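# sequence first, then the predicted structure:
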Amino acid sequence: MIEILSKVLLGLGLMFTGVQMLSSGLKQMGSRPFRMFATQSATSNGKALLFGLGSGVIMQSTSAALMILASLISAAMLNVPQAIAILTGFSVGNCVLLFIVSMNISIGIMFLVGISGIAMFLTRDERYLIYCRIGLGLGLIFFGNLMMSAGVKPLRDEAWFTGAMEFSRNYSLLSIIVGAALGFIVQSSTAVGLVAIGLARENILSDPQTFLFMYGAAIGSTMFKVMLGQAFRGTSRQLVLFVNLFNIFGASVFILLYYIEVYFHIPLLMALLNFFELDLVHQAAWVFLLFNLTSAVFFIAIHGPLTRWLERSLPPSEEEGLSQPKYLSEFQAQDPDTALEMIHLEQTRELEQIAVFISTARITSEGPTLALRHDAFKSLAGQVATALANVASMPMLPETTKEHAFMQTHQTLLDQLADSTASGVKIILKARTDPSLEGLSDACMESIEFLLNFAAEIEKTKDKDDVRMFLDLSSSNAPSMEKLRKAYIDNDKLVSAISKGCLLDLTMVTEKIFWLLNGMLSHLIPDMEKAN
């Protein structure tokens with residue numbers, strides 16, 4: 001009995017290790033092309049479906065695809081309907097592994113494992129190591145499946161095991177529950193499908209048990225993805241809900257079909273498979289494909305209403321709206337002047353967002369935290385920088401080239417300003433805890449917030465009088481900076497070394513923010529640049 005248990009555990013261990021190794025290798029090899037081709041193929045639902053189908057065959061990991069697509073949505077490179085179309089095709093392409101394992105190619109797998117293992121030992125090139133991991137992972141899945149089958153084979157002669165299997169055959173719900181539990185543990189309905197094929201290979205499971213086992217695994221893996229969804233924010237949660245609906249729908253339909261066929265004696269799925277005289281191993285692979293294909297067809301049919309319902313149910317978060325461009329959607333690749341106008345509007349939005357950073361230091365602050373706002377800014381800034389890079393490849397007149405160069409510099413200053421303001425908020429909050437610096441920290445907060453909002457308004461109006469006033473207020477000789485420097489010079493009144501260090505940090509970050517703002521707007525009055 002111990003020998004049987006050891007073989008079963010070894011087989012499961014090898015198989016799950018192989019799935020992990022295969023998934024990891026395919027993810028490493030395919031994640032970068034997946035990102036690139038996902039954005040290119042999403043021009044229509046048909047292309048997105050075909051891309052998802054092909055990438056599902058290659059990557060074999062719905063969780064990995066889910067994470068990548070969520071990041072593309074956060075970066076505004078895809079929308080939810082496009083991502084859902086890709087995931088729909090991906091789920092069907094993901095079935096190919098079960099068909100491979102159902103084949104009788106054990107000799108070829110021995111060669112594959114041997115060559116992959118030797119190559120992994122000899123090579124140090126990471127590119128070739130990825131291919132070796134993929135080959136070794138696939139081989140381990142086969143060997144683990146065969147080892148588990150060999151381990152459970154002697155159990156057929158044990159009376160207690162035969163009785164237990166007979167009992168489970170009489171209670172179909174038990175097969176669903178076991179499949180769900182295993183699906184939740186291993187986080188993959190594909191991996192559980194491989195276990196079902198291994199058990200079916202030695203006739204340990206009957207036809208209904210094998211199928212119900214896989215249906216339960218879909219429900220169990222859904223439970224895991226519900227927890228995974230807690231890490232997602234904004235519209236990315238719509239993807240997790242879609243994947244869960246996809247699995248629950250398929251499981252519900254196929255479980256219902258099973259009970260209709262068994263209790264009402266209406267020939268349905270099992271009758272169809274028996275008609276083609278397939279063995280149980282191949283039947284299991286086909287059932288897994290039909291399960292995913294049925295869900296795919298259904299959700300393709302309701303694609304429009306589904307995406308609208310998801311948007312109403314899980315609307316974008318506030319910080320997600322901040323990270324999405326409003327004007328770059330009108331970006332015209334053939335018109336650099338129009339493109340620069342759109343980029344200027346986005347840069348004005350960036351400055352407005354930075355101004356709101358300061359409000360998070362207020363006691364009455366509501367909405368996204370500083371960290372979320374800063375992350376949203378960086379996402380938007382990255383997309384603006386990409387747009388500027390795209391404009392650089394266009395033919396431009398000298399005046400446009402000069403404007404483009406300025407806007408690139410302006411974007412760099414905005415990035416630095418965002419980082420400095422975020423640091424400034426943290427320092428202000430720290431200084432506020434010190435009674436001797438509380439009043440000064442509040443004065444700095446008010447001055448920085450005023451200048452940021454004033455700068456954002458000037459970016460829109462470009463009023464020369466306002467610019468002159470702003471440059472005076474943000475100069476190194478401005479009253480607010482003189483007051484801060486005086487406080488720093490008189491820091492001998494501060495008792496604590498921590499207070500003195502905090503005052504130094506407050507002085508430096510405030511002066512840097514003033515300097516960055518002054519430099520950003522000084523270009524609007526060229527004749528004043530040298531004076532400032």
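Received, thanks.

# how about residue 295: what's its closest non-neighbour residue?
The shortest distance from residue 295 to any non-neighbouring residue, by Cβ to Cβ, 6 or more residues apart in numbering, is to residue 250 (3.9 Å). C-beta: built from backbone N, CA, C; applies to glycine.

# thought residue 217 was touching that neighbour, still the case?
No - Residue 250 is beyond contact range of residue 217, at 11.1 Å (criterion: Cβ atoms under 8 Å).

# pull out the buried positions in the helix or strand hosting the residue nearest to residue 295.
Assigned by DSSP states H and E, residue 250 belongs to helix 236-263. Of the residues in helix 236-263, 236-247, 250-251, 254-255, 257-258, 261 count as buried by neighbour count, 16 or more other Cβ atoms under 10 Å.

# check stretch 446-459 too.
The neighbour-count check on stretch 446-459 (16+ other Cβ under 10 Å) flags 447-449, 451-452, 454-459 as buried.

# with respect to residue 345, which of the residues you listed is nearest?
The closest of the buried residues of stretch 446-459 to residue 345 turns out to be residue 459 (Cβ to Cβ; 9.4 Å).

# list the contacts for that closest one?
Shown in contact with residue 459 (Cβ atoms under 8 Å, 6 or more residues apart in numbering): 347-348, 351, 521.

# C-alpha coordinates for the helix or strand where it lies, CSV please?
Secondary structure assignment for residue 459, by DSSP H and E: helix 438-461. Provided in CSV are the C-alpha atoms of helix 438-461 (Å, rounded to 0.1, in the frame of the first residue of the first chain):
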residue,chain,number,x,y,z
GLU,A,438,3.6,72.4,12.5
GLY,A,439,2.8,76.1,11.5
LEU,A,440,5.7,76.2,9.0
SER,A,441,4.8,72.9,7.4
ASP,A,442,1.2,74.2,6.9
ALA,A,443,2.5,77.4,5.4
CYS,A,444,4.7,75.4,2.9
MET,A,445,1.7,73.2,2.0
GLU,A,446,-0.4,76.3,1.2
SER,A,447,2.3,78.0,-0.8
ILE,A,448,3.1,74.9,-2.9
GLU,A,449,-0.6,74.2,-3.5
PHE,A,450,-1.3,77.8,-4.6
LEU,A,451,1.7,77.8,-7.0
LEU,A,452,0.7,74.4,-8.5
ASN,A,453,-2.9,75.5,-9.1
PHE,A,454,-1.7,78.8,-10.4
ALA,A,455,0.7,77.1,-12.8
ALA,A,456,-2.0,74.8,-14.1
GLU,A,457,-4.3,77.8,-14.8
ILE,A,458,-1.5,79.6,-16.6
GLU,A,459,-0.9,76.5,-18.7
LYS,A,460,-4.4,76.9,-20.0
THR,A,461,-4.5,80.7,-20.5
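
# pull the distance from stretch 378-392 to the chain's centre.
20 Å (Cα atoms, centre = their mean, to the nearest Å).

# next one: stretch 410-418
Worked out by Cα atoms, centre = their mean, stretch 410-418 lies 26 Å from the chain centre.

# okay, residue 370: pLDDT?
With respect to pLDDT, residue 370 has a value of 88.

# quick one: the nearest residue to it once chain neighbours are set aside from residue 426, how far?
The shortest distance from residue 370 to any non-neighbouring residue, by Cβ to Cβ, 6+ apart, is to residue 360 (4.3 Å). Applying Cβ to Cβ, to the nearest Å, the value for residue 360 to residue 426 is 10 Å.

# need the residues touching each of the two.
Common neighbours of residue 360 and residue 426, counting by Cβ under 8 Å, 6+ apart, are residue 370.

# tell me which of those two has more neighbours.
Set residue 360 next to residue 426 and count neighbours by other Cβ atoms under 10 Å: residue 360 wins out with 21 against 15.

# domain ranges for the chain?
2-313, 319-528 (automatic domain parsing).

# need the winner for burial among these.
domain 2-313 (a mean of 18; mean count of other Cβ atoms under 10 Å).

# was I right to think residue 140 contacts residue 21?
Yes - counting by Cβ under 8 Å, residue 140 touches residue 21, with 6.5 Å between them.

# hmm, back to that, for the residue nearest to residue 295, give its distance to residue 308.
Taking Cβ to Cβ, one finds residue 250 at 22 Å from residue 308.

# next one: residue 255
Relative to residue 308, residue 255 is positioned 28 Å away (Cβ to Cβ).

# so residue 78, which state does it fall into?
Assigned by DSSP: H, G, I helix; E, B strand; the rest coil, the conformation of residue 78 is coil.

# same check, this time on residue 265
What three-state DSSP gives for residue 265 is coil.

# for it, phi and psi?
Residue 265 adopts backbone torsions of phi 60, psi 40, taken as degrees, to the nearest 10.

# remind me which helix or strand residue 277 belongs to.
Here residue 277 is covered by no helix or strand, with elements defined by DSSP H and E.

# distance of it from residue 193?
Residue 277 is 22 Å from residue 193, by Cβ to Cβ.

# same check on residue 417?
53 Å.

# still on that earlier bit, OK, contacts around the residue nearest to residue 295?
Residue 250 neighbours (Cβ under 8 Å, 6+ apart): 215, 218, 291-292, 294-295.

# local confidence estimate at it?
94.

# which one in the contacts of residue 459 is the model shakiest on?
residue 521 (85).

# dump the residue contacts of that residue.
Contacts of residue 521 by Cβ under 8 Å, 6+ apart are 455, 458-459, 467, 470-471, 474.

# helix, strand, or coil at it?
Three-state call for residue 521 (three-state DSSP): helix.

# tell me the helix or strand right after the helix holding residue 459.
Downstream of helix 438-461, the first helix or strand assigned by DSSP H and E is helix 464-473.

# which helix or strand contains residue 482?
Judged by DSSP H and E, residue 482 forms part of helix 479-489.

# tell me which residues touch residue 219, please.
Neighbours of residue 219 in contact, by Cβ under 8 Å, 6+ apart: 176, 179-180, 183, 247-248, 251.

# again but with residue 235, I slipped
Taking Cβ under 8 Å, 6+ apart as the test, what residue 235 contacts is 73, 80, 311, 314-316, 320.

# out of these, give me the two with the largest separation.
Of all pairs drawn from the contacts of residue 235, the greatest distance, 13.6 Å, lies between 73 and 315 (Cβ to Cβ).

# all strands of the protein, in order?
In the chain, no strands are defined using DSSP state E.

# against residue 271, how distant is residue 207?
Distance check for residue 207 against residue 271: by Cβ to Cβ, it reads 11 Å.

# oh sorry, the question was meant for residue 521
77 Å.
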